[in-house]
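> next input, structure requested:
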Amino acid sequence: MRHVPLLTLVAAATIARPIQLAAQAVERTDTPRRGALRVSFDPRIMTWEQVYTPSGRQGIGAGFSGDSVSQTLPSVVRLQQDVRAATGLAGYLATLGHELLAVRAERRVMPIRFEYGITSRLSFGITIPIVRVQVRELFQARPPGSNLGALSRLAADAARYNTFFTHLDAALAQLDASITAGAYGCPAGPDCLRAQALLAQGQTLHDALWRAVYGTPDSAALYLPLASSDAGRSLTSIVAALQRALVDTFSVTPFSQDTFLLPGTPVHGVVSAGLLATRLSANGLASYRDTPLRLRFFTGDVELATTYRLLAGRDYAAAATLLVRLPTGHQDSPNDPFDVATGDHQIDLEGRLTQELTLGGRLWLNLSLRGGRQLPGQRERRVGPIDQLFLPATTLARLRWDPGDYAVVDVAPMYRFSRTFAAGMTAGYYTQGRDRYSFLSPQDSTALATQLGGPVSASVLDAGTAQRHARLGLAMTYVGSRLEGGFSVERTVSGAGGPVPVATVFRIVMRQTIQLF
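Prediction:
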């Protein structure tokens, strides 16, 4: 074990015999000898900040960045509609200005693999992956062009809003009572009609300002128009005019319009994900709590595999593997747009054919072909178009999920510089078919249609699930008589379908063979 530090610095995946080498990114053909146990530690670090999408390569947070993102936020859209109704500004457009969300995702997998040699050609193995996922976000709002400010959460300001609505409620209730009692020439006099129109205007203004300050069951209150904006000046003027009309024309007890507070500065600056958490929570999405860092440890999908070495010649070898992947991992959450899965939590059946060819004693070629059948399972998803950034919590449903089957080709040409060390490159291609979603029962479809006010098909989620991507990398290998190790770096260089992470993968391999019997 004193060689382990050297192994972590030097090398890539290998085999138990010093006269052969195995590529880092491709499965090997050899199996443990009969009665031998091979233990492998294969940590991999995958990081990405961008994804390939049908619109091209873009940052993970691109959907939350730009000059028009405000119009995708239900809280802003609702505020915009209320301000238009209360002020008559039909062209009013609520905006936070330019926004930027930077997201960095990381997935670290530590597969611990045990392979036991049943015969000289046949082995059985189990792989237990320990997975750590981590996501960091940084949200920045730039004020140029913004006409919204953050709603104050100070206790003193909350008291001011409470006083304003208490007095406004009392004034409108007094006017309503007077109309009902027959004052102002009611029910048909011209003064009565003016009183009724003023009451309707006051109730519209009250409801709009109430939703802006206290929100709705589906959307939290986050923003108000800036006091200096057209909407802010119009609201201030309308509130003052309402009070004058109530007092001077209809002798209603005045309310204090100066207690309604509008923000003086736009949302700006660099903030933690706490603000973003509040925004997303307002859309029925799970909160990030108050930290920009989420760190979790899970067990991924456990694998059981049987390998049989078909050929074992001096210059050519081939092996076939049958693998079953168990549903022990954690799916990504439908309530968190940046969650990273530790597994897909459904059963996979995979077949592998691995080949090794040695030319001239120095050049070593390794080719791996893999094909997988992913069995149907269930998962929760928010049902809606893929291009819709925010879907409300009412769209959440548990669905039948038939993930697309996949095929993978990996190749690794390497040059052996000595009996124990080789280096080369790796290349891989992955393709997967489209997923299929459907409701578990007709009752589920009916229940969702009732919540949404109209029918919706679960197949809307199928779009964008087929994907393919290519990888290139470099690898080095070291192999001793019993200890092996390696190191490689791979990068996703193209992707389609998606979203496909533009990922960099760092991989270290350490193996030891123990003769048990």
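> dump stretch 193-209 to CSV, keeping only the CA atoms.
Taking C-alpha atoms only, stretch 193-209 is exported to CSV below (Å, rounded to 0.1, in the frame of the first residue of the first chain):
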residue,chain,number,x,y,z
LEU,A,193,-73.5,56.6,-9.5
ARG,A,194,-70.3,58.6,-8.9
ALA,A,195,-70.0,57.1,-5.4
GLN,A,196,-70.5,53.5,-6.8
ALA,A,197,-67.8,54.2,-9.4
LEU,A,198,-65.4,55.5,-6.8
LEU,A,199,-66.1,52.5,-4.6
ALA,A,200,-65.3,50.1,-7.5
GLN,A,201,-62.1,52.0,-8.3
GLY,A,202,-61.1,51.9,-4.6
GLN,A,203,-61.7,48.2,-4.4
THR,A,204,-59.7,47.5,-7.5
LEU,A,205,-56.8,49.6,-6.2
HIS,A,206,-57.1,47.9,-2.8
ASP,A,207,-57.0,44.4,-4.3
ALA,A,208,-54.0,45.2,-6.6
LEU,A,209,-52.0,46.8,-3.7
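> and the helix or strand where Ala496 lies, what does it pack onto?
Element membership of Ala496, judged by DSSP states H and E, is strand 483-497. For strand 483-497, the packing partners by 3 or more Cβ pairs under 8 Å, 6 or more residues apart in numbering; DSSP states H and E come out as helix 4-10, strand 44-53, strand 421-432, strand 467-479, strand 500-515. Glycine gets a C-beta too; all of them are placed from N, C-alpha and C.
> now render these as a markdown table, adding distance to Pro111 and mean neighbour count.
Output for these, formatted as a markdown table (distance: least, Cβ to Cβ, whole Å; neighbours: other Cβ atoms under 10 Å):
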| stretch | distance to Pro111 | mean neighbour count |
| --- | --- | --- |
| helix 4-10 | 16 | 15 |
| strand 44-53 | 8 | 19 |
| strand 421-432 | 17 | 19 |
| strand 467-479 | 17 | 21 |
| strand 500-515 | 10 | 19 |
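> looking at those, which is closest to Ser368?
strand 421-432 (8.7 Å; Cβ to Cβ).
> and after that closest one, which helix or strand comes next?
strand 436-439.
> and that following strand, which strands flank it?
Pairing partners of strand 436-439, with direction, according to DSSP bridges: strand 396-402 (antiparallel).
> now do the buried residues in the partner strand.
396-397, 399-402 (16 or more other Cβ atoms under 10 Å).
> mean confidence for it?
The average pLDDT for strand 396-402 rounds to 93.
> who's in contact with whichever helix or strand comes after it?
Toward the C-terminus, strand 396-402 is succeeded by strand 406-416 as the next helix or strand (DSSP H and E). By Cβ atoms under 8 Å, 6 or more residues apart in numbering, the list of residues contacting strand 406-416 from outside reads 21, 23-27, 361-372, 374, 422-433, 475, 477.
> ok, Phe41 - contacts?
Contacts of Phe41 (Cβ under 8 Å, 6+ apart): 110-113, 508-511.
> one more time with 6 Å
Met510 (Cβ atoms under 6 Å, 6 or more residues apart in numbering).
> how much space between it and Ile118?
22 Å (Cβ to Cβ, to the nearest Å).
> for the stretch 251-400 of the chain, which spans come out with low pLDDT?
256-259, 267-297, 389 (pLDDT under 70).
> quick revisit: least reliable of the helices and strands packed on strand 483-497 by average pLDDT, please.
helix 4-10 (a mean of 34).
> so the residue nearest to the spatial centre of the chain, which of the three states?
By Cα atoms, centre = their mean, the mean C-alpha position of the chain lies nearest to Phe338, the distance being 2.3 Å. Counting by DSSP: H, G, I helix; E, B strand; the rest coil, the backbone at Phe338 sits in coil.
> who's in contact with the residue of the chain positioned farthest from its centre?
Going by Cα atoms, centre = their mean, the residue of the chain most distant from its centre is Gly185, 61.7 Å out. Gly185 makes contact with 191-192 under the criterion Cβ under 6 Å, 6+ apart.
> the nearest residue to the residue nearest to the centre of the chain once chain neighbours are set aside: helix or strand, and which one exactly?
Excluding its sequence neighbours, the residue lying closest to Phe338 (Cβ to Cβ, 6 or more residues apart in numbering) is Val135, at 5.1 Å. Using DSSP H and E, Val135 sits within strand 122-142.
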